[in-house]
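J.: turn this into a model:
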Amino acid sequence: MTSKLNRRSIGWVVATLVLLVVVAAVGWFVFRPDNEAIYIAVVGPISGEDASYGEEQIQSVTLCMEEINQQGGVNGRPIKFITFDDQSDEAQATAAAQQAAKSQAVVVIGHIFSFTSLKGGEVYRQASLPAITGACIRRIRRRKSIIERITKESA
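T.: Down below sits the predicted model:
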């Protein structure tokens, strides 16, 4: 059980670090005043029976963002995140993805599970919103889309 938790934690840290690189790259192209924050969307099970996974996801993102912001942010701009609850449900994943696409976020990190990542990915693709997920099934790996899969092997 410990190795599963460690692998999952490592996966989220790797995904978060990759996300921060993406945010930095997007930050170069997004025109905003120098002091305005760069927002990312964090989508996962914030409530429901899988809420513990969402809590771990948010803790990982928070730790990485605090470190980046303590070092001056990205080009002097702080990074902030907005959470969206997919409740580990396909219909709610679509709704959460739609909310994220309408938000100030320039990139998405999440969903926790493959089935929610696939539903969210359909929305992100239509909105041209980059998304990073730690979830993996063949349908995600084979799909040429805006969703990127992060695993230990690809890091």
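
J.: going forward, measure contacts and count neighbours with C-alpha atoms only.
T.: Fine.

J.: contact partners for the nearest residue to P78 once chain neighbours are set aside?
T.: With CA to CA, 6 or more residues apart in numbering as the measure, A37 is the residue that lies nearest to P78, at 4.8 Å, once sequence neighbours are left out. Contacts were defined as CA atoms under 8 Å, 6 or more residues apart in numbering; by that measure A37 touches R77, P78, I79, K80.

J.: other SSEs contacting the host helix or strand of A41?
T.: Secondary structure here is read from DSSP states H and E; on that basis A41 sits in strand 38-44. In terms of contacts (3 or more CA pairs under 8 Å, 6 or more residues apart in numbering; DSSP states H and E), strand 38-44 is packed against helix 2-29, helix 51-70, strand 79-85, helix 90-102, strand 108-110.

J.: the ones you listed: lowest mean pLDDT?
T.: Of all these, helix 2-29 carries the lowest average pLDDT, namely a mean of 62.

J.: dump the residue contacts of D50.
T.: Q87, S88 are the contacts of D50 under CA under 8 Å, 6+ apart.

J.: which pLDDT does the model give the residue nearest to P78?
T.: Reported pLDDT at A37 in the predicted model: 92.

J.: ok, E148 next?
T.: Model confidence at E148, expressed as pLDDT, equals 50.

J.: the strand holding A41 pairs with which strands, parallel or anti?
T.: Counting by DSSP bridges, the strands paired with strand 38-44 are strand 79-85 (parallel), strand 108-110 (parallel).

J.: quick one: contacts for L129?
T.: Contacts were defined as CA under 8 Å, 6+ apart; by that measure L129 touches A101, V106, V107, V108, I146.

J.: switch to 7 Å and redo it
T.: For L129, the contact set (CA atoms under 7 Å, 6 or more residues apart in numbering) comprises A101, V106, V107.

J.: could I get the strands paired with strand 38-44 as TSV with mean neighbour count?
T.: What follows is these, written out as TSV (neighbours: other CA atoms under 10 Å):
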stretch	mean neighbour count
strand 79-85	20
strand 108-110	29
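
J.: nearest to T62, out of the ones you listed?
T.: Of all the strands paired with strand 38-44, the one in closest proximity to T62, counting by CA to CA, is strand 79-85 (8.4 Å).
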